[in-house]
Each structure stands twice: as structure tokens, then as C-alpha cells.
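Asker: sequence unknown, structure follows:
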């Protein structure tokens, strides 16, 4: 069984930066591609970024490309989401997810999900 625990969310102002972390416990972390998703109030959960098991391939949603960076440290069993130049529209609950297959943006491919961490950006 895999457990994912996110942290690092909070209340920030527009233009600020924030780094989210997600710690993976259970089966071998390096077997999994990892993704970040977000869900704003009244909206569907959407893809943000994903990274392959080795950290050599990353994919980003167009809405955050150039502002957010996903990375991972397999020794620490942790995936990160560095968020810069935050905007009010980035306000959402952010979730990390683990996928035994190749990385991709589809929610359905992910096998395990964390509980989420709230990010609120005030304008």
C-alpha cells in the first residue's frame, strides 16, 4: 500500500513563491511516476505537472508552464512542486499522485492520491 502526504500549502500574495512537498511511503518510490493536480472550488480536478521515475522527463499544464517546476528526490521519497509568480487563479487544493506506468496528464492513470494541501493566493 502506498501513502502520500502533501505539505507546504498556505496563504500567500500574488507574485509570491511556494514549494509543495509530497512524501511517499510504502512500496518503492522510484517505481512510480509522480504527478501534481489541483482542484479549485466548484471546478474539476486538473492536471498540473508530472515527472517520470528517474526525474528525466517532466510535463506541465499550459496554464503553469514557466512558473512551476516539478522535481523529485528518490532518496527522500519526495516529490516537489516549486511554484513561482503565483496568481489568484492558482488558488486550489493541490494533490500529489503516484502512477506505476509512464507519466501523463490523465487523472485515471494514477493509482494513489494524497489528501491535498490548500494553496490560497490573495490578489
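Answerer: In hand now; what should we look at? Worth saying up front: this structure is predicted, and the values here are computed from it rather than measured. Residues are numbered from 1 along each chain as shown.
Asker: okay, the most centrally placed residue in the chain: pLDDT?
Answerer: Most central in the chain under Cα atoms, centre = their mean is residue 36, positioned 2.3 Å from the mean C-alpha point. With respect to pLDDT, residue 36 scores 98.
Asker: tell me which other helices or strands the one helix or strand it maps to touches.
Answerer: Using DSSP states H and E, residue 36 maps to strand 33-39. Other helices and strands packing on strand 33-39, by 3 or more Cβ pairs under 8 Å, 6 or more residues apart in numbering; DSSP states H and E, are strand 18-25, strand 46-51, strand 68-73, strand 78-83, strand 92-99. For the C-beta atoms, the positions are set from N, CA and C on the backbone; glycine is no exception.
Asker: of all those, which one is nearest residue 122?
Answerer: For residue 122, the closest of these is strand 18-25, at 12.5 Å, according to Cβ to Cβ.
Asker: what residues sit buried inside the closest one?
Answerer: By neighbour count on 16 or more other Cβ atoms under 10 Å, the buried set for strand 18-25 is 18, 20, 21, 22, 23, 24.
Asker: so how far is it off the chain centroid?
Answerer: 8 Å (Cα atoms, centre = their mean, to the nearest Å).
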